[in-house]
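Colleague: give me coordinates for this.
(one chain, ligands or ions: 3)
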Amino acid sequence: MSVVRTIFLQCGPSVSHFSTSSYSTNFNSGSVKFTISCCSVASPASVVIGNVDKKASERNEVRLGLPSKGRMATDTLDLLKDCQLSVRQVNPRQYVAEIPQITNLEVWFQRPKDVVRKLVSGDLDLGIVGLDTVKEYGQENEDLIIVHDALDYGDCRLSLAIPKYGIFENINSLQELAQMPQWTPERPLRVATGFTYLGPKFMKDNGLKHVTFSTADGALEAAPAMGIADAIVDLVSSGTTLRENNLKEIEGGIILESQAVLVASRRSLIQRKGVLDITHEMLERLEAHLKAVGQFTVTANMRGKSAEEVAERILSQPSLSGLQGPTISPVFTKRGGKVAADYFAIVICVPKKALYKSVRQLRAIGGSGVLISPLTYIFDEETPRWRQLLSKLGL
Ligand SMILES: Nc1ncnc2c1ncn2[C@@H]1O[C@H](COP(=O)(O)OP(=O)(O)OP(=O)(O)O)[C@@H](O)[C@H]1O
Ligand SMILES: O=P(O)(O)OC[C@H]1O[C@H](OP(=O)(O)OP(=O)(O)O)[C@H](O)[C@@H]1O
Ligand SMILES: [Mg+2]
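Modeller: Ligands and ions are numbered 1, 2, ... in the order given. Prediction:
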């Protein structure tokens, strides 16, 4: 299926303006076709993104799209490496690579937004990008399935921000912003954003009527001070850029919380040979690694009459119950020609955050020789996200 999207660009100024009522998008499955209309061009030019030729999708390799550059690129490769899925790239300007541990998988490096576009067009099967990019460029496309929603990096939020000064000084919520008498059809609230789908949708969903949008590729925080916009919709992580530009977030103004996600094409998962198996393997490795990252193994010795008695003492402490309770083994010593077990070795998993508290509790009940080591993987019987994926696919 081929979808036509029409964008009216103003020729001349470097920003294009549109309003919630005039902006509409159609970003569905299949090939995506942009019709770009510009005032100085007599007939619209057609730009085709992705695969038009049906045969091109008849490939045998499974394709994973990863960010080619920007702040997600290195963290993505690091995460895969930590899952023993090292990406072998001959040189940084080569856009195709492989993961030797997974046969029949091609890695393609693309801009994050192109990863999403190519999942939609069927040119990629799997991808790792920020959730914000999936929502912005995938829009409501039902073909996109989030396989892992929390890869634990790239954390940020898409937020509406307004100046701290002038007419906005006492405005602290979206409701207050919407109720300002200043916004009329003749003088709408002007919002600068790179999120030309999510920004207008959010305003519309929240009943803000008189709003126009302008777009630019970066440094949006300058727009209010330059007099180009009243507000901005942009990503925030530390909040420094907002602060340094005298802008503030407001109550009810968070559009989306985002972090890196593993996303797949539903069609590929169902139809393309090998995609489901590769997804399962990636998911297992990711889940096992991410679960382990937050935990330490703690081993200690403890004097006691029996394993049960030691277990009673350990389980009386709230921070020492481990993942499934403690593992307790007798430590045998020979005294006076007799073998006895006066000591027990205990092993528990402890969340990193609770580490010091756990060590204190362990000592308080007689633990000694406490050893702590990081965990590499925790493989559960079955990953809950795998079950969720199968049910989303109706399998
Ligand atoms: N403070 C932040 N600002 C912007 N993006 C962030 C931030 N923190 C995390 N991210 C994540 O990183 C992604 C942006 O990465 P990057 O800026 O490299 O790409 P991009 O803006 O899509 O690329 P380009 O600017 O080349 O079009 C976001 O989509 C988001 O998921
Ligand atoms: O809350 P903070 O930690 O300050 O991060 C937020 C800023 O980071 C991003 O910009 P980026 O650095 O990508 O520059 P750009 O705006 O020029 O794209 C984003 O667009 C914000 O401007
Ligand atoms: Mg910026």
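
Colleague: what helix or strand does residue 171 sit in?
Modeller: Residue 171 belongs to no helix or strand when elements are defined using DSSP states H and E.

Colleague: wait, it sits on residue 160?
Modeller: No. Using C-beta atoms under 8 Å, residue 171 is not in contact with residue 160, being 11.2 Å away. Just so you know, the C-beta spots here come from the backbone N, C-alpha and C atoms, and that holds for glycine as well.

Colleague: what ranges of the stretch 1-150 of the chain fall below the confidence cut-off?
Modeller: 1-57 (pLDDT under 70).

Colleague: what ranges do the strands span in it?
Modeller: Under the criterion DSSP state E, counting those that start in this stretch, the stretch 1-150 of the chain contains strands at 2-9, 17-19, 31-38, 45-49, 62-67, 96-98, 105-110, 126-130, 144-148.

Colleague: now the last one: how far from the chain's centre is it?
Modeller: In this case it means strand 144-148. Centre-to-centre, strand 144-148 and its host chain are 10 Å apart (C-alpha atoms, centre = their mean, to the nearest Å).

Colleague: now it against strand 126-130, angle please.
Modeller: Angle between the axes of strand 144-148 and strand 126-130 is 80 degrees (criterion: axes from the mean of the first three to the mean of the last three C-alpha atoms, to 10 degrees).

Colleague: what does strand 144-148 contact?
Modeller: Strand 144-148 is contacted from outside by 116, 119-120, 126, 131, 134, 138, 261-266, 269, 279, 282-283, 286-287, 385, 389, 392-393, using C-beta atoms under 8 Å, 6 or more residues apart in numbering.

Colleague: filter these to the buried ones?
Modeller: Neighbour counting by 16 or more other C-beta atoms under 10 Å classes 116, 119-120, 126, 131, 134, 138, 261-266, 269, 279, 282-283, 286-287, 385, 389 among those as buried.

Colleague: of these, which are in range of ligand 1?
Modeller: With C-beta under 6 Å from any ligand atom as the criterion, the buried ones among the contacts of strand 144-148 include none near ligand 1.

Colleague: neighbours around residue 338, how many?
Modeller: Other residues near residue 338 come to 7 when the count uses other C-beta atoms under 10 Å.

Colleague: how much space between it and residue 332?
Modeller: 10 Å (C-beta to C-beta, to the nearest Å).

Colleague: could you dump stretch 78-91 to CSV, C-alpha only?
Modeller: C-alpha atoms of stretch 78-91 as CSV (Å, rounded to 0.1, in the frame of the first residue of the first chain):
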residue,chain,number,x,y,z
ASP,A,78,27.5,-0.7,24.7
LEU,A,79,24.3,-2.3,25.7
LEU,A,80,24.5,-4.9,23.0
LYS,A,81,28.1,-5.6,23.9
ASP,A,82,27.0,-6.1,27.6
CYS,A,83,24.6,-8.7,26.3
GLN,A,84,27.4,-10.5,24.4
LEU,A,85,26.0,-9.2,21.1
SER,A,86,29.0,-7.2,19.9
VAL,A,87,28.3,-5.4,16.6
ARG,A,88,31.2,-6.0,14.2
GLN,A,89,31.5,-2.9,12.0
VAL,A,90,34.6,-2.7,9.7
ASN,A,91,34.7,1.1,9.9
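
Colleague: how far is that stretch from where the chain is centred?
Modeller: In terms of C-alpha atoms, centre = their mean, the centre of stretch 78-91 is set 18 Å apart from its chain centre.

Colleague: from now on call the first residue 536
Modeller: New numbering, starting at 536: the last item is stretch 613-626.

Colleague: number of nearby residues for residue 722?
Modeller: 11.

Colleague: excluding chain neighbours, what is closest to it?
Modeller: The spatial neighbour of residue 722 that comes closest, neighbours along the chain excluded (C-beta to C-beta, 6 or more residues apart in numbering), is residue 745 at 7.7 Å.

Colleague: same question for residue 918.
Modeller: Residue 918 sits nearest to residue 822 (C-beta to C-beta, 6+ apart), 4.5 Å away.

Colleague: let me know the secondary structure of that neighbour.
Modeller: Secondary structure assignment for residue 822 (DSSP: H, G, I helix; E, B strand; the rest coil): helix.

Colleague: show the contacting residues for it.
Modeller: Neighbouring residues of residue 822 by C-beta under 8 Å, 6+ apart: 683, 915, 918, 920.

Colleague: narrow those to those in helices?
Modeller: If you go by DSSP state H, the contacts of residue 822 have residue 920 in helices.

Colleague: against ligand 1, how distant is the nearest residue to residue 719 once chain neighbours are set aside?
Modeller: In this structure, residue 719 finds its nearest non-sequential neighbour in residue 745, 5.7 Å apart by C-beta to C-beta, 6+ apart. Here the criterion is C-beta to the nearest ligand atom, to the nearest Å. By it, residue 745 lies 28 Å from ligand 1.
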